[in-house]
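Novice: let me see the structure of the following:
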Amino acid sequence: MVAVLDSTLREGEQTPGVCFAVHIKLAIADLLAAVGVDIIEAGHPAVTEEIRGAVTLLSARGLGPRIGAHARSLKEDVDLALACGVQFLGVFYCVSEERLGDHRLTLAAAVDRIASVIRYAREQRPGLLIRYTPEDTVRSPFPNVLAAAAEAVRAGADIISVADTTGYLIPGTERSMYALVSRLREGLAAQGLEPAIAVHCHNDRGLALANALDGVRAGAQIVDASVLGLGERAGIVDLATLLAVLCHDFGQASGGQGPWDLGRLPELYGLVSRYARIPVPAHFPVTGRNAFTHCAGIHTQAAMRNPLHYQSLPAELVGRRSEIALDHMSGLSSVRHCLDEIGVAANDSLAREVLRRVKEVGQSGRTVDLAELRYIVRCIEEEARPAAAAGCP
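Specialist: You can find the predicted model right below:
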């Protein structure tokens with residue numbers, strides 16, 4: 001089974017302008033726990049006192065998921081994180097030649113520093129789950145990555161994370177996550193080392209989810225994600241889309257939804273969207289307003305019989321329902337369906353007049369919801385009364 005690490009409270013706060021108040025962080029964490037993620041990465045305690053306080057509160061709450069913290073390869077960072085009571089620690093250090101040059105370190109010195117910090121964390125907290133990330137893994141020389149990862153595992157790391165820090169990878173090419181994860185696993189196994197492999201994929205090219213799934217196919221056991229895909233620049237893997245695909249397409253849907261309660265996703269996304277002040281895009285997969293909404297006449301006619309004629313995911317999987325949009329693309333069958341929903345038994349004349357007015361509204365760039373549909377019907381009926389009265393003897 002693939003485990004999911006949610007980083008909304010850590011990576012998500014690296015979205016420009018996004019900062020959640022402590023009480024909102026607690027509410028988000030509660031919903032993430034209700035959804036059933038495995039790890040909540042709660043922040044980097046060295047950044048601010050407020051983050052440190054929030055991580056401490058979250059760690060003490062006894063939620064189902066492990067609460068984790070981010071740390072540079074510095075003992076001071078590790079001490080701050082452990083003082084918060086976390087159950088998961090993510091240590092990172094880049095081993096690319098350029099970054100080593102910036103720090104005036106040899107690879108051997110950098111590897112020694114990484115291993116020393118991880119060994120220290122393990123000694124302080126034997127039951128701690130420790131991850132090492134060679135930052136910008138995918139653009140670093142593979143021998144450097146393998147050397148650092150191997151020594152990190154020997155020092156006590158449980159997880160090695162492959163970070164596509166800049167969204168550089170492209171599936172099916174010579175720079176694919178599948179190839180890199182496969183090569184890393186083989187290189188570590190040849191040394192008798194079998195840590196869990198995680199993938200952290202950025203979305204700069206719009207390929208974060210595709211790259212993450214490429215990693216899963218190659219044997220990665222943990223995927224990082226965030227609500228709305230929040231994060232640096234174009235963000236990372238979107239949590240809801242990832243969970244839907246893992247459940248529906250990767251065989252993790254025992255009992256219908258696998259290990260997760262996807263019905264809580266709309267509530268979670270509403271909360272994060274409100275306090276991040278970032279709307280859920282209407283066309284966003286899974287959680288967007290239009291994700292399960294059918295519009296064009298041919299589509300709606302088929303979808304009314306069976307939504308899966310024009311959907312590849314059942315809306316109910318993620319706490320949604322299929323809907324029909326009324327606008328300039330609508331047909332008579334769509335109008336009749338929506339009239340039935342509001343309890344109006346319409347004859348042909350009424351249905352056609354409603355359709356005409358719906359198309360007028362649609363041409364102005366709006367859709368007609370069920371409340372407005374009621375107003376349209378009432379208006380048509382009231383307009384008909386004087387005409388009927390005038391025709392009376």
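Novice: now the biggest helix by length in the chain: buried residues?
Specialist: Longest helix in the chain, counting residues (DSSP state H): helix 370-390. For helix 370-390, a neighbour-count test (16 or more other C-beta atoms under 10 Å) marks 373, 376-377, 380 as buried. Heads up, the C-betas are built off the backbone N, CA and C, glycines and all.
Novice: now do stretch 341-359
Specialist: For stretch 341-359, using 16+ other C-beta under 10 Å, the buried residues are 344, 346, 350-351, 353-355, 357-359.
Novice: kindly report the same for stretch 327-337.
Specialist: For stretch 327-337, the buried set under the neighbour-count rule, 16+ other C-beta under 10 Å, comprises 327, 329-331, 333-337.
Novice: out of these, the closest to residue 50 would be?
Specialist: Nearest to residue 50, judged by C-beta to C-beta, of those is residue 327 at 45.4 Å.
Novice: confidence score at the closest one?
Specialist: pLDDT, residue 327: 90.
Novice: contact partners for it?
Specialist: Contacts were defined as C-beta atoms under 8 Å, 6 or more residues apart in numbering; by that measure residue 327 touches 295, 358-359, 361-362, 366-368.
Novice: closest to residue 148 among these?
Specialist: For these, the nearest to residue 148 is residue 295 (51.1 Å; C-beta to C-beta).
Novice: before we move on, back to that, now intersect the buried residues of stretch 327-337 with the helices, please.
Specialist: Those of the buried residues of stretch 327-337 lying in helices (DSSP H): 333-337.
Novice: ok so, going back, from the buried residues of stretch 341-359, which two are the most distant?
Specialist: Of all pairs in the buried residues of stretch 341-359, the most separated under C-beta to C-beta is 344 and 359 at 18.0 Å.
Novice: secondary structure element holding the residue nearest to residue 24 when sequence neighbours are not counted?
Specialist: Spatial nearest neighbour of residue 24, chain neighbours left out: residue 275 (4.8 Å); criterion: C-beta to C-beta, 6 or more residues apart in numbering. Using DSSP states H and E, residue 275 falls within helix 265-276.
Novice: by contact count, what packs against that helix?
Specialist: Helices and strands touching helix 265-276, by 3 or more C-beta pairs under 8 Å, 6 or more residues apart in numbering; DSSP states H and E, are helix 22-35, helix 239-249.
Novice: can you point out the buried residues in the last one?
Specialist: Of the residues in helix 239-249, those scored as buried under the neighbour-count criterion (16+ other C-beta under 10 Å) are 239-248.
Novice: with the longest one instead?
Specialist: Going by neighbour count (16+ other C-beta under 10 Å), the buried part of helix 22-35 is 24-35.
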